[in-house]
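1. this one's structure only:
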Ligand SMILES: Nc1nc2c(ncn2[C@@H]2O[C@H](COP(=O)(O)OP(=O)(O)OP(=O)(O)O)[C@@H](O)[C@H]2O)c(=O)[nH]1
């Protein structure tokens, strides 16, 4: 997290505080124009014509979570004068609330910097100045759920700074990110950061980098983004080791669409990398996906805020504002070209793979329209979520959403609540299963409720998605970790020592087993020392059953889940026990049952009793009584009535914890 997140947050805050100005009025609106006038001045200041591809370097900072990417990015921005010194430390107050609270980066951010440097004297002996380089830096998220952001960012780069914490050494996301960069043929500049820490052991980390990735210890840079030690060597290394972009200046324009978001004043803002040719303000451009033509109203760089330059040239990374009305028109990975000159599309990206699905319903059924609006706006800035409408007998109208992982799902919920004030109930996350029936038909199931409990056709086979999981731990925790992973049906594929104290393990595991609480458990049994990463693998055949939850004999579709047969009894019992604790006593007795088909496998009963919120309120303080009743009314908004049973929102949350 760092200044780059702050810059995008400021832009978004400004957007939400301002009254809506229709798109068509934006170009002539006084506020828009004064912004443009100011930007025109800046436009004069930066002439991108001075930066042919050989003076451009595009690089990402990649690392395991918390190894210091964003802090290092802040320091590089300060060093190049892109931001003022001192911005780096207190930036927390200005970041996205969700990122600040969790201390993680969620979205990759790009910034352009300028730096004077001479490579081996660069023939500047006859009094000429060192050439100035244009550097595009991309700060990426570290968490596994957002590795899609990392792989997209790498498409605009020719090299990476692979940052490793000097005390923690190589961790699971270091391995994953190294291979992402390596497979994309990028130049890797290894950086050992946090050398100021008392437990730092750079020599050990150098040895790990050599043994795991064959990186030469003499190429490793040592830094402390905190004290500033060693930072001066980073940019020269970027310029000298990372090659310039290789596109052709004389070919027709081809730009890769890296990301897009919606701004109420400017409309859709696309982040692009110019692969070939040049783009100018006023040009007519089209996208390969839609073929629609747009005029370029504004083009520039992120410095780190949007700075118009009127032009973007081969190898440069920047932003484009055209007449696009929705981010749906700006498909990430698409190729943009000059409308009149047809081009061969760029390879683009693999589409984001949704690993986890969950239902999202308004806590108060009458808020469906508001939730729908909030989701639509949020997905404009997070295109990696898939959304389809669905209906639940228990919860009414809602949405089935696909996420990149559980953290991504949590972040999406939190942003819906914090940025749009939407109160939602989410159903137990599930993974996409495949069921095959005796008539040969196959059904992909993203919502367990859609699977008939007593199907007409016999199920002859079920498949579940698996992942290749990487776990790195100190050797003393090997025993407990092996026990945990085998309880979660993992098959060991690899087990090796990184050095004398740490072990690298690779498993094939069912995705379902890691989405629910696996990482927390892994952290807790290893006193927080384990690091974990996964990539998706194939489907495997598995013995799966649908587990229904019934309240007073009525199945609650939103609580249905699919589990492995051997775990069904334990999961059924735990679900029923959790629900018993979470549902308040009501005026009548409530039976809670878990069932497979028509067979009940677990049951609990909540005895009848009215919860009297005024019970502890002695005497006649009317205002206090009123407050309690109001609070109860507010609480009821977050209740769902299934049949005659009121289910609090927390009951749905409790179900998320049963694996
Ligand atoms: N001692 C020390 N702490 C550092 C250094 N660099 C970063 N930190 C601290 O490490 C923590 C994580 O730093 P970030 O820059 O947010 O790490 P990150 O890799 O960007 O984290 P994610 O984006 O969530 O993956 C913060 O508390 C930083 O202040 C360093 O060189 N020395």
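-> Looks like it came in fine. Nothing here was measured: the structure is a model prediction, and the numbers come from that model.

2. what residue in the stretch 351-500 of the chain comes nearest to the ligand?
-> Nearest residue of the stretch 351-500 of the chain to the ligand (C-beta to the nearest ligand atom) works out as residue 407 at 10.7 Å. (C-beta placed from N, C-alpha, C; glycine too.)

3. show me what contacts that residue?
-> Contacts for residue 407 (C-beta atoms under 8 Å, 6 or more residues apart in numbering) come out as 104, 143-146.

4. and those, which two are the farthest apart?
-> Pairwise distances across those (C-beta to C-beta) peak at 11.2 Å, for the pair 104 and 144.

5. now whatever residue of the chain ends up closest to the ligand: which helix or strand?
-> For the chain and the ligand, the shortest gap (C-beta to the nearest ligand atom) falls at residue 142, measuring 2.5 Å. Residue 142 belongs to no helix or strand when assigned by DSSP states H and E.

6. okay, now the closest residue in space to it that isn't next to it in sequence: neighbour count?
-> Nearest residue to residue 142, sequence neighbours excluded (C-beta to C-beta, 6 or more residues apart in numbering): residue 65, at 3.6 Å. Per other C-beta atoms under 10 Å, the neighbour tally for residue 65 reads 20.

7. cool, and residue 156?
-> Residues lying near residue 156 (other C-beta under 10 Å) number 25.

8. with residue 199 instead?
-> 9.

9. in contact with it, which residues?
-> Residue 199 makes contact with residue 167 under the criterion C-beta under 8 Å, 6+ apart.

10. OK, contacts around the closest residue to residue 412 other than its chain neighbours?
-> Of all residues not flanking residue 412 in the chain, residue 385 sits nearest, at 6.0 Å (C-beta to C-beta, 6+ apart). Residues in contact with residue 385 (C-beta under 8 Å, 6+ apart) are 378-379, 401-403, 408, 412.

11. make sure residue 465 is actually in contact with residue 431.
-> Yes: applying C-beta atoms under 8 Å, one finds residue 465 in contact with residue 431, separated by 5.4 Å.

12. which one of those two is surrounded by more residues?
-> Set side by side, residue 465 and residue 431 show more neighbours around residue 431, with 22 against 19, by other C-beta under 10 Å.

13. do you know how far that one is from residue 187?
-> According to C-beta to C-beta, to the nearest Å, residue 431 stands 37 Å off from residue 187.

14. tell me the pLDDT at the closest residue to residue 424 other than its chain neighbours?
-> Distances taken as C-beta to C-beta, 6+ apart place residue 360 nearest to residue 424, at 5.2 Å, with adjacent residues excluded. On pLDDT, residue 360 comes in at 92.

15. give me the neighbour count for residue 360.
-> Residue 360 has 23 nearby residues by other C-beta under 10 Å.

16. again, but for residue 552
-> 14.

17. confidence score at it?
-> Per-residue confidence (pLDDT) for residue 552: 89.

18. quick one: contacts for it?
-> By C-beta under 8 Å, 6+ apart, the contact set of residue 552 is 590-591, 643-645.

19. again, but for residue 245
-> 53, 56, 58, 158, 275, 314-315.

20. now, which of the residues you listed sits nearest residue 47?
-> residue 56 (13.9 Å).

21. next one: the closest one from residue 459, what distance?
-> According to C-beta to C-beta, residue 56 and residue 459 sit 57 Å apart.

22. swap in residue 422?
-> In terms of C-beta to C-beta, residue 422 sits 37 Å off from residue 459.

23. the host helix or strand of residue 285: how far from the chain's middle?
-> According to DSSP H and E, residue 285 maps onto strand 284-287. Relative to its chain's centre, strand 284-287 lies at 29 Å (C-alpha atoms, centre = their mean, to the nearest Å).

24. tell me the secondary structure at residue 461.
-> Under the three-state scheme (DSSP: H, G, I helix; E, B strand; the rest coil), residue 461 adopts strand.

25. one more: residue 372?
-> Using three-state DSSP, the structure places residue 372 in helix.

26. per-residue pLDDT, residue 15?
-> Per-residue confidence (pLDDT) for residue 15: 32.

27. meant to ask about residue 1
-> 51.

28. ok so, going back, which among the contacts of residue 245 gets closest to residue 356?
-> residue 58 (32.1 Å).

29. which strand residues bridge that closest one?
-> Counting by DSSP bridges, residue 58 forms beta bridges with residue 136.

30. hang on, it packs against residue 301?
-> No: with contact defined as C-beta under 8 Å, residue 58 does not count as touching residue 301 (12.0 Å).

31. which one's more surrounded, those two?
-> A count of neighbours by other C-beta under 10 Å puts residue 58 above the other of residue 58 and residue 301, at 28 against 23.

32. how about that one, what does it touch?
-> 135-136, 138, 156-159, 242, 245, 273, 315, 317.

33. now pLDDT, distance to residue 578 and secondary structure too, for the residues you listed, in a markdown table please.
-> Formatted as a markdown table, the contacts of residue 58 follow (pLDDT from 0 to 100; distance: C-beta to C-beta, whole Å; DSSP: H, G, I helix; E, B strand; the rest coil):
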| residue | pLDDT | distance to residue 578 | secondary structure |
| --- | --- | --- | --- |
| 135 | 97 | 52 | strand |
| 136 | 96 | 49 | strand |
| 138 | 87 | 42 | strand |
| 156 | 91 | 46 | coil |
| 157 | 95 | 46 | coil |
| 158 | 97 | 51 | coil |
| 159 | 97 | 49 | strand |
| 242 | 98 | 52 | coil |
| 245 | 97 | 54 | coil |
| 273 | 95 | 48 | strand |
| 315 | 97 | 56 | coil |
| 317 | 96 | 49 | strand |
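
34. show me where the stretch 251-400 of the chain has its helices.
-> For the stretch 251-400 of the chain, helices defined by DSSP state H, counting those that start in this stretch occupy the ranges 368-380.

35. what's the answer for the stretch 1-150 of the chain, then?
-> According to DSSP H, counting those that start in this stretch, the helices that the stretch 1-150 of the chain contains are 3-17, 23-26, 30-45, 69-79, 97-102, 147-154.

36. how about low-confidence regions in this structure?
-> In the predicted model, the chain carries pLDDT under 70 at residues 1-44, 86-104, 120-128, 453-455, 610-622, 624-625, 628-643, 656-659.

37. kindly report the domain assignment for it.
-> 53-121+128-241, 254-338, 356-429, 434-542, 546-656 (the TED database).

38. closest to residue 349 out of those domains?
-> Per C-beta to C-beta, nearest to residue 349 of the domains of the chain: domain 254-338, 3.7 Å.

39. show me how far the closest one is from its chain's centre.
-> How far domain 254-338 lies from its chain's middle: 23 Å, per C-alpha atoms, centre = their mean.

40. and for stretch 414-423?
-> In this view, stretch 414-423 has its centroid 17 Å away from the chain centroid, taken as C-alpha atoms, centre = their mean.

41. show me what counts as buried in it.
-> Under the neighbour-count criterion of 16 or more other C-beta atoms under 10 Å, stretch 414-423 has 415-416, 419-420, 422 buried.

42. likewise stretch 46-55?
-> 46, 48, 51, 53, 55.

43. contacts for that stretch, please.
-> Against stretch 46-55 from outside (C-beta under 8 Å, 6+ apart): 131-134, 244-247, 249, 301, 303, 307, 309, 311-316.

44. again, only using 7 Å
-> 131, 133-134, 244-245, 247, 307, 309, 311-316 (C-beta atoms under 7 Å, 6 or more residues apart in numbering).

45. which non-adjacent residue is nearest the most centrally placed residue in the chain?
-> For the chain, the residue nearest the mean C-alpha position is residue 146 (3.7 Å; C-alpha atoms, centre = their mean). Take residue 146 and drop its neighbours on the chain: the residue closest to it by C-beta to C-beta, 6+ apart is residue 106, 6.2 Å away.
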